[in-house]
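Student: what's the 3D shape of this:
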Amino acid sequence: MNALWHGRPVKRTRLTTVLVVSSLFALTIFGLVAVHGSFDMKAECVRRLHLARQHARQLPLRLWSERIETSRQKCSGALQHLELYWEGFRRDADYGVASEILYQICSPRMLNFEKWAFRSIKWGFSLGIWAYFLLPIVICAIAIPFTWVSAPEVSKGFRTALMSLLDSGVRTYFLWIPEIILLWVLRWLFATSLTGHLVFAGYNFTWALVYLFVTLPMSEIPSGVKTVVTLSLLASALVVIVLQGFTLYTTFRFIHADSDVTITSILFFWLMLLQGELYPFFYDIIRSPFSIFAVCQQCFSSRLGVLAKED
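Tutor: Next up is the predicted model:
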């Protein structure tokens, strides 16, 4: 069965497979970093966090605010220990010049990449998926006027790539809304500090990979333009993964317990699996809320077709 993806038909099984495999790849990278950080947490801090979770679960469900706040308690002096870690990281300079660059970008006393990548910069928005797409967008925007006269087809290709990047970036916000709502509901029900940092990092990297392996190859763009966009996106991904890796390591070393990694990882995988099933139909529902009945029927029919080996 085919689904419309950016206005072009793509096999639904291919889209779902790429989405699920990409989410597993993202979860493996960021999950291992988070686990490594939680293993380095001090024993007394781990004990304090687990006791806070147990106390939160004893509170009745009607006290939703108290359950959430109690489960999200931090160890005393966590932020101070985080700042001291980065000062020691800068002083030791194990990575040479790169240590100073990482310190300037990630330290809470400097640019504080954690705020830019995961928390609000302006009006509740952070870099998100744009951390991956910013470099390709800038390259496409610069290349369009430079190739407009000498190579009109190439200029058109860069313009198409630019629009696909902007379209893909905006689309990720629609599915992040129900995901973050579910995250807060589960925090309330299970009284655990499910960390949005790990979910958000894996979520954005997953959709960057989906763009790389599905959206870009099926677009009517010259091969040279595809190569430029692919290389720039891979370069951005390498930088973002390193910066978010250090951020996740320090976050789970000083703030979150090891149980938060396990629960969040399981939640992230099932959320991405669900999105792989529903994403092709999602925008039909947004365009017309009443079309949800037709969408459900279509989704149900396609699943029956798979069971009958007709897909």
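Student: longest helix anywhere in this structure?
Tutor: Counting by DSSP state H, the longest helix found in the chain is helix 152-190.
Student: roughly how far out does the helix or strand following that helix sit from the chain middle?
Tutor: Per DSSP states H and E, the first helix or strand lying C-terminal to helix 152-190 is helix 196-210. For helix 196-210, the separation from the chain centroid amounts to 2 Å (computed by CA atoms, centre = their mean, to the nearest Å).
Student: coming back round to it: the longest helix of the chain - contacts with which helices or strands?
Tutor: helix 64-71, helix 130-147, helix 196-210, helix 223-254, helix 258-287 (3 or more CB pairs under 8 Å, 6 or more residues apart in numbering; DSSP states H and E). Where you see a C-beta, it was placed from the backbone N, CA and C, and this is true even at glycine.
Student: please name every helix or strand in contact with the first one.
Tutor: Looking back up the chat, that one is helix 64-71. Applying 3+ CB pairs under 8 Å, 6+ apart, we find helix 64-71 packed against helix 43-57, helix 152-190.
Student: give me the packing partners of the first one, helices and strands only.
Tutor: If I follow you right, that is helix 43-57. Using 3+ CB pairs under 8 Å, 6+ apart, helix 43-57 is in contact with helix 64-71, helix 258-287.
Student: kindly recompute the last result at 7 Å.
Tutor: helix 64-71 (3 or more CB pairs under 7 Å, 6 or more residues apart in numbering; DSSP states H and E).
Student: show me what counts as buried in the helix it packs on.
Tutor: Neighbour-count burial for helix 64-71 flags 64, 67-68, 70-71 (criterion: 16 or more other CB atoms under 10 Å).
Student: what's the angle between that helix and helix 43-57?
Tutor: 170 degrees (axes from the mean of the first three to the mean of the last three CA atoms, to 10 degrees).
Student: show me the shaky parts of the stretch 51-200 of the chain.
Tutor: 71-73, 76, 118-126, 175, 178-179, 191-196 (pLDDT under 70).
Student: now tabulate the buried residues of helix 64-71 in a markdown table and tack on distance to W176.
Tutor: Formatted as a markdown table, the buried residues of helix 64-71 follow (distance: CB to CB, whole Å):
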| residue | distance to W176 |
| --- | --- |
| W64 | 22 |
| R67 | 24 |
| I68 | 20 |
| T70 | 26 |
| S71 | 22 |
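Student: I'd like to know which of these is nearest to M41.
Tutor: The closest of the buried residues of helix 64-71 to M41 turns out to be S71 (CB to CB; 16.5 Å).
Student: now the phi/psi pair for M110, please.
Tutor: When read as degrees, to the nearest 10, the backbone of M110 gives phi -110, psi -120.
Student: same deal with P108?
Tutor: phi -60, psi -20.
Student: OK, contacts around it?
Tutor: P108 is in contact with 82-83, counting by CB atoms under 7 Å, 6 or more residues apart in numbering.
Student: how about L61, what does it touch?
Tutor: By CB under 7 Å, 6+ apart, L61 has no neighbours at all.
Student: and it, that's in a strand?
Tutor: No: L61: not assigned to a strand; according to DSSP: H, G, I helix; E, B strand; the rest coil it is coil.
Student: what angle do the longest helix of the chain and helix 43-57 make?
Tutor: If you take the same axes, to 10 degrees, helix 152-190 sits at 70 degrees to helix 43-57.
Student: just to revisit the earlier point, so can I have JSON lines of the helices and strands packed on helix 64-71 showing mean neighbour count and distance to V33?
Tutor: Listed next are the helices and strands packed on helix 64-71 as JSON lines, based on neighbours: other CB atoms under 10 Å; distance: least, CB to CB, whole Å:
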{"stretch": "helix 43-57", "mean neighbour count": "15", "distance to V33": "18"}
{"stretch": "helix 152-190", "mean neighbour count": "17", "distance to V33": "20"}
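Student: can I get those helices in a markdown table including distance to P145?
Tutor: Converted to a markdown table, the helices and strands packed on helix 64-71 look like this (distance: least, CB to CB, whole Å):
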| stretch | distance to P145 |
| --- | --- |
| helix 43-57 | 54 |
| helix 152-190 | 8 |
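Student: for S107, find the nearest of those helices.
Tutor: The closest of the helices and strands packed on helix 64-71 to S107 is helix 43-57. By CB to CB, the value is 20.7 Å.
Student: CA atoms of that closest one as CSV?
Tutor: The C-alpha coordinates for helix 43-57 follow below in CSV (Å, rounded to 0.1, in the frame of the first residue of the first chain):
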residue,chain,number,x,y,z
ALA,A,43,25.5,6.2,45.0
GLU,A,44,23.9,8.5,47.6
CYS,A,45,22.4,10.6,44.8
VAL,A,46,20.9,7.4,43.2
ARG,A,47,19.4,6.4,46.5
ARG,A,48,17.9,9.8,47.1
LEU,A,49,16.3,9.8,43.6
HIS,A,50,14.8,6.3,44.0
LEU,A,51,13.4,7.2,47.4
ALA,A,52,11.8,10.3,45.9
ARG,A,53,10.2,8.1,43.2
GLN,A,54,8.9,5.7,45.8
HIS,A,55,7.4,8.5,47.9
ALA,A,56,5.7,10.0,44.8
ARG,A,57,4.0,6.7,43.9
